[in-house]
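**Student:** sequence-free structure coming up:
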């Protein structure tokens, strides 16, 4: 028997008005006190409990309640003289909690779901969607996404979002890896973008690197007490403006220069608002990931903040047993009271600039030309060792001009230079590349963990198939082909659990339930395909027939519409700490 908390106001309203759960459009597994009435355990195990949209935990239902729920007569179909905007009829609802699918209609009025359950034939709606043979789910939430900063000057400030919508994403989380969505900060970005029509929903995190720049710390390795206080005040201001938390990029400048004391200090205002610290770890390498995780866990433990691992991976690690070691480290931290989650993308290659390969002495604030002149042989030896440890020059595929489509090995042969000399010639910021450095068995085990949600780490300008295929690939490969987990569990990871992790459940987003936002998908899982690959990374996913963003059709019968119904979402301060193992 598993527990699921639910917004008290919504449950109270349903109980005051009377009627069964189905008559009020509530998930069938919920009683009027938020109790679980009946739910079989999922294949993911006890840790895969449904997300708790509020912090209130409740006691298991008595056995008599269970028996009564099984013997109760089905409710009469819903009838109303009201005209609805959309009627999704005849589909199997997978509501985002992890509960088994159930046959139900969904009525939408305006930007919200009005009813979930059996609907009488006489109900009227402006648009009828036949979902027979298909599933109806919440829109997917991309926990780690990017957008082009220059796009803020275009008609859609998020830039090209067709790739997100085609794979079922209705909300993206921006401000990743320590960089706010604007160099001027989240407050400025919200003011600039907030009133404009968007192709989908977007929320922002404040970037630690951006905060450092705004505070005048820049590339300093030892900021003073006054500078630390300035950064803390800036974090408080960004959270007050609506940021969902703070991100760090500790493998990049300037985050790489921050010590733990600084990271704890800037996380304390995040903890005070029960927001989230997302971190691109200091290292993802097999021989350094445990200390990098320990640093994040210490940041959470000492500040009290919820912490989250961005694009969880182990570079050059091998096997599911290695994944178990990493997951065991995270679970041990939960046992100590640290609330930690993670996101992942279902590909074995990462993508970033060449700076990830270079040593500190060749990166800012140090001078690359000086390093080449005075420590050239040391630099080349470092790059040679690093590339060999990461699979060799064949495992580096350039994704930016003028080298796009070539491996480092091919470019070295073309230029008749050792590959390390090619890297020195291009420099740490001269190109971006995909790095085939991950083990499938290891990454698949991480992906299956109940505390891991999905993030594409993509954008329309990132030439990696994850930008266009991530969410479709999870369904096609991991659910249908590999049977790594059920479709219900996949949907939970990508909707209800993702919403709870970042704080969107407080705004009633991430579930198919009455009173919640009408970000919805209608699709046949068997027809979902991720067709993007490395030679052609910008091919749109297939199979997501109907995509609703705030109750309006962004994709209709498999084709995009001109509708831009997305919104900028601002964090709300109304919640207390979350409960339940699904989002510790």
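**Tutor:** Arrived safely. Bear in mind that the values here come from a model prediction, so they are computed numbers and not experimental data.

**Student:** now do stretch 393-412, average pLDDT.
**Tutor:** Regarding stretch 393-412, the rounded mean pLDDT is 95.

**Student:** show me the contact partners of it.
**Tutor:** Stretch 393-412 is contacted from outside by 349, 351, 387, 390, 392, 414, 418-419, 421-423, 426, 431-437, 462-464, 534-535, 537, using Cβ atoms under 8 Å, 6 or more residues apart in numbering. Heads up, the C-betas are built off the backbone N, CA and C, glycines and all.

**Student:** hmm, 7 Å instead?
**Tutor:** 351, 387, 418-419, 422, 431-437, 463-464, 534 (Cβ atoms under 7 Å, 6 or more residues apart in numbering).

**Student:** could you check the pLDDT of the closest residue to residue 564 other than its chain neighbours?
**Tutor:** Nearest in space to residue 564, with sequence neighbours left out and distances taken as Cβ to Cβ, 6 or more residues apart in numbering, is residue 197 at 4.0 Å. Per-residue confidence (pLDDT) for residue 197: 89.

**Student:** neighbours around residue 197, how many?
**Tutor:** Look at residue 197: counted by other Cβ atoms under 10 Å, it has 12 neighbours.

**Student:** pretty sure it sits against residue 563.
**Tutor:** No - counting by Cβ atoms under 7 Å, residue 197 stays clear of residue 563, with 8.9 Å between them.

**Student:** next, please give the residue ranges for the helices of the stretch 51-200 of the chain.
**Tutor:** With helices called from DSSP state H, counting those that start in this stretch, the stretch 51-200 of the chain shows them at 63-71, 162-166, 186-193.

**Student:** residues contacting residue 249?
**Tutor:** 177, 178, 179, 209, 255, 280.

**Student:** tell me the one of those nearest residue 521?
**Tutor:** residue 177 (27.7 Å; Cβ to Cβ).

**Student:** go ahead and flag the most central residue of this protein.
**Tutor:** residue 143 (1.3 Å; Cα atoms, centre = their mean).

**Student:** re earlier: just give me the lowest mean pLDDT stretch among the helices of the stretch 51-200 of the chain.
**Tutor:** Minimum mean pLDDT among the helices of the stretch 51-200 of the chain: helix 63-71, a mean of 44.

**Student:** picking that back up, okay, and which of the contacts of stretch 393-412 map to strands?
**Tutor:** Residues of those located in strands (DSSP state E): 351, 432, 433, 434, 435, 436.

**Student:** partner residues bridging the third one?
**Tutor:** Okay, so that is residue 433. Following DSSP bridges, residue 433 is listed with bridge partners residue 352, residue 398.

**Student:** run a quick neighbour tally on it.
**Tutor:** Neighbours around residue 433, by other Cβ under 10 Å: 27.

**Student:** quick check: it vs residue 440, distance?
**Tutor:** 20 Å (Cβ to Cβ, to the nearest Å).

**Student:** same check on the first one?
**Tutor:** Here the criterion is Cβ to Cβ. By it, residue 351 lies 17 Å from residue 440.

**Student:** which of these two has more neighbours?
**Tutor:** For residue 351 versus residue 440, neighbours defined as other Cβ under 10 Å are more numerous around residue 351 (23 against 13).

**Student:** residues contacting the residue lying closest to the more buried one once chain neighbours are set aside?
**Tutor:** Ranked by Cβ to Cβ, 6+ apart and with sequence neighbours excluded, the top spatial neighbour of residue 351 is residue 464, at 4.3 Å. By Cβ under 7 Å, 6+ apart, the contact list for residue 464 reads 351, 399, 434, 458, 537.

**Student:** thinking again about what came up before, quick check, nearest of the ones in strands among the contacts of stretch 393-412 to residue 567?
**Tutor:** residue 351 (28.6 Å).

**Student:** do you know how far that closest one is from residue 343?
**Tutor:** Taken as Cβ to Cβ, the span from residue 351 to residue 343 is 15 Å.

**Student:** show me what contacts the residue nearest to the centre of the chain?
**Tutor:** So residue 143 contacts 173, 343, 453, 454, 455, 498, 501, 502 (Cβ under 7 Å, 6+ apart).

**Student:** among those, which are in helices?
**Tutor:** Of those, the ones assigned to helices by DSSP state H are 498, 501, 502.

**Student:** can you redo those residues as TSV with distance to residue 90, neighbour count and pLDDT?
**Tutor:** What follows is the ones in helices among the contacts of residue 143, written out as TSV (distance: Cβ to Cβ, whole Å; neighbours: other Cβ atoms under 10 Å; pLDDT from 0 to 100):
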residue	distance to residue 90	neighbour count	pLDDT
498	27	29	98
501	32	30	98
502	32	30	98
